[in-house]
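J.: Okay, structure incoming, though there's no sequence with it:
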């Protein structure tokens, strides 16, 4: 078992990985209007760019489910981060929609397994009684990306064009790959036989867990790819204030994730996710169905980010309890594949249902929000079923 100092170092490194990995994906959506103009892409088709990453992540996650546990964690993580960095930098050289999508495919092929491996490291080294708090910190990488990363990326795009953020983030990812090589404790290979025999896929706990994570990601990506364009073109939110919006939302999420991690350790996943889902449904209705929104966007959007962040902490904590150590990286990779598949489906539905006029205004967001609310409502119900089974000692 790792010492407290070693645990803190591991949490810090994995948080940095989570930050750059999420930023690599998260910044694409706020930058969407910028590179849409630069590459003559229809704003209604921005979901294709997001979907390219998630489809690739799904495919690599499915493959990784059968092989990742056969490799030592640190070496595999370093290779995946290096590939993610190269793919991200390649996006800065895109000349049209096709080449941008190709670069995002490369990034997605390595991004999915890197998340699975990083979360497996936490589950391997952090005891269950402190895991919720640790994952609350790690998932704070999302909030840090919103507070610092996305606003910085938007400012870089304003100063040097939309290509500059991709180049800068790609270099940062390669740098963190080097940190992993020299600062992360070496792990050991796990027995991947259970995953190879497909027994794990037949367990009810696995099916419930994957269904929950799939519904959560489906909800998110029904609305997220077009959110920035919707805020700017439909609701008139100023482009120059977009960084401030993400900064406020990220700051609120950072505090909320720490609190959510403590609450999950104390009360369990289902109650916290149930409360977060109720808040999330109300906020999506207010932001995307009601016109004008009932609250200022500087209040509504940060609360939306907070609710999603709190739910994600509970979800990842519960995911870490489902597999055995020998199956952990494989399960996390399979979970990553399902997340990416659900995200691809959500982004695809978004692109199909949304249309835009000459001014870039989007129609169809209310319908997408309704689908997202239905998807979100299933998550706490599925997680409650898992928790009840685990409390009764049913681990299969």
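T.: Nice, thanks for sending it over. What you see is a predicted model, and the numbers here were worked out from it, not measured in a lab.

J.: Pull out the buried positions in stretch 212-219.
T.: 212, 213, 214, 215, 216, 217, 218, 219 (16 or more other CB atoms under 10 Å). In this view, the C-beta of every residue, glycine as well, is placed from N, C-alpha and C.

J.: so what's the second one up against?
T.: Looking back up the chat, that one is residue 213. 315, 319, 335, 338, 339, 342 (CB atoms under 8 Å, 6 or more residues apart in numbering).

J.: Give me the distance between residue 288 and residue 328.
T.: Separation of residue 288 from residue 328 (CB to CB, to the nearest Å): 37 Å.

J.: pLDDT and secondary structure added to the buried residues of stretch 212-219, as a markdown table?
T.: Below are the buried residues of stretch 212-219 laid out as a markdown table (pLDDT from 0 to 100; DSSP: H, G, I helix; E, B strand; the rest coil):
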| residue | pLDDT | secondary structure |
| --- | --- | --- |
| 212 | 91 | helix |
| 213 | 90 | helix |
| 214 | 92 | helix |
| 215 | 93 | helix |
| 216 | 91 | helix |
| 217 | 89 | helix |
| 218 | 91 | helix |
| 219 | 91 | helix |
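
J.: Nearest to residue 13, out of the residues you listed: which one, please.
T.: residue 213 (23.6 Å; CB to CB).

J.: Tell me the spacing between the closest one and residue 381.
T.: 14 Å.

J.: Residue 222 too?
T.: 18 Å.

J.: Comparing these two, which shows the higher neighbour count?
T.: residue 222 (32 against 16; other CB atoms under 10 Å).

J.: Next up, the contacts around that one.
T.: Neighbouring residues of residue 222 by CB under 8 Å, 6+ apart: 346, 349, 350, 368, 369, 371, 372, 375.

J.: which one among those residues gets closest to residue 162?
T.: residue 350 (20.8 Å).

J.: Helix or strand: which one has the closest one?
T.: helix 328-353 (DSSP states H and E).

J.: Tell me how far that helix lies from the chain's centre.
T.: With CA atoms, centre = their mean, to the nearest Å as the basis, helix 328-353 stands 10 Å off its chain's centre.

J.: Going by neighbour count, which residues in it are buried?
T.: Buried, per 16+ other CB under 10 Å, within helix 328-353: 328-351, 353.

J.: Give me the contacts around the following helix or strand past that helix.
T.: Scanning forward in sequence from helix 328-353 by DSSP H and E, the next helix or strand is strand 355-356. If you take CB under 8 Å, 6+ apart as the criterion, strand 355-356 is touched by 42, 43, 44, 229, 233, 362, 363, 364.

J.: Among those residues, which lie within helices?
T.: Counting by DSSP state H, these place residue 229 in helices.

J.: which of the contacts of strand 355-356 are buried?
T.: Buried members of the contacts of strand 355-356, scored by 16+ other CB under 10 Å, are 43, 44, 229, 233, 362, 364.

J.: and stretch 101-111, what's its mean pLDDT?
T.: Mean pLDDT, stretch 101-111: 93.

J.: now that stretch: how far from the chain's centre is it?
T.: 15 Å.

J.: which other residues reach it?
T.: 21, 24-25, 28, 48-49, 52-57, 59-60, 79-84, 86-88, 90-91, 93-94, 166, 340.

J.: buried ones in that stretch?
T.: Here stretch 101-111 shows 101, 102, 103, 104, 105, 106, 107, 108, 109, 110, 111 as buried, counting by 16+ other CB under 10 Å.

J.: Those: which two are farthest apart?
T.: Farthest apart among the buried residues of stretch 101-111 by CB to CB are 101 and 110. That separation is 15.8 Å.

J.: thinking again about what came up before, and the contacts of residue 213, which is closest to residue 302?
T.: Nearest member of these to residue 302, counting by CB to CB, is residue 315, at 20.3 Å.

J.: Could you verify that that closest one is part of a strand?
T.: No - going by DSSP: H, G, I helix; E, B strand; the rest coil, the assignment for residue 315 is helix, not a strand.

J.: ok, the closest residue to residue 13 other than its chain neighbours - contacts?
T.: Taking CB to CB, 6 or more residues apart in numbering as the measure, residue 13 lies nearest to residue 184, with 5.4 Å between them; neighbours along the chain are not counted. Contacts for residue 184 (CB under 8 Å, 6+ apart) come out as 10, 13, 74, 77, 121.

J.: Among those residues, list the two that are farthest apart in space.
T.: The span of these, defined through CB to CB, is set by 10 and 77 at 11.7 Å.

J.: More neighbours: which of these two?
T.: Neighbour tally, residue 10 and residue 77, criterion other CB under 10 Å: the higher count belongs to residue 77, 30 against 22.

J.: how about the strands in the protein?
T.: 355-356, 362-363 (DSSP state E).

J.: I'd like these as CSV, with distance to residue 267 and mean pLDDT appended.
T.: Shown next, in CSV, are the strands of the chain (distance: least, CB to CB, whole Å; pLDDT from 0 to 100):
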stretch, distance to residue 267, mean pLDDT
strand 355-356, 44, 82
strand 362-363, 39, 86
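
J.: ok, back up a step: just put the buried residues of stretch 101-111 in JSON lines and tack on distance to residue 207.
T.: Formatted as JSON lines, the buried residues of stretch 101-111 follow (distance: CB to CB, whole Å):
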{"residue": "101", "distance to residue 207": "32"}
{"residue": "102", "distance to residue 207": "34"}
{"residue": "103", "distance to residue 207": "34"}
{"residue": "104", "distance to residue 207": "30"}
{"residue": "105", "distance to residue 207": "28"}
{"residue": "106", "distance to residue 207": "31"}
{"residue": "107", "distance to residue 207": "29"}
{"residue": "108", "distance to residue 207": "25"}
{"residue": "109", "distance to residue 207": "26"}
{"residue": "110", "distance to residue 207": "27"}
{"residue": "111", "distance to residue 207": "25"}
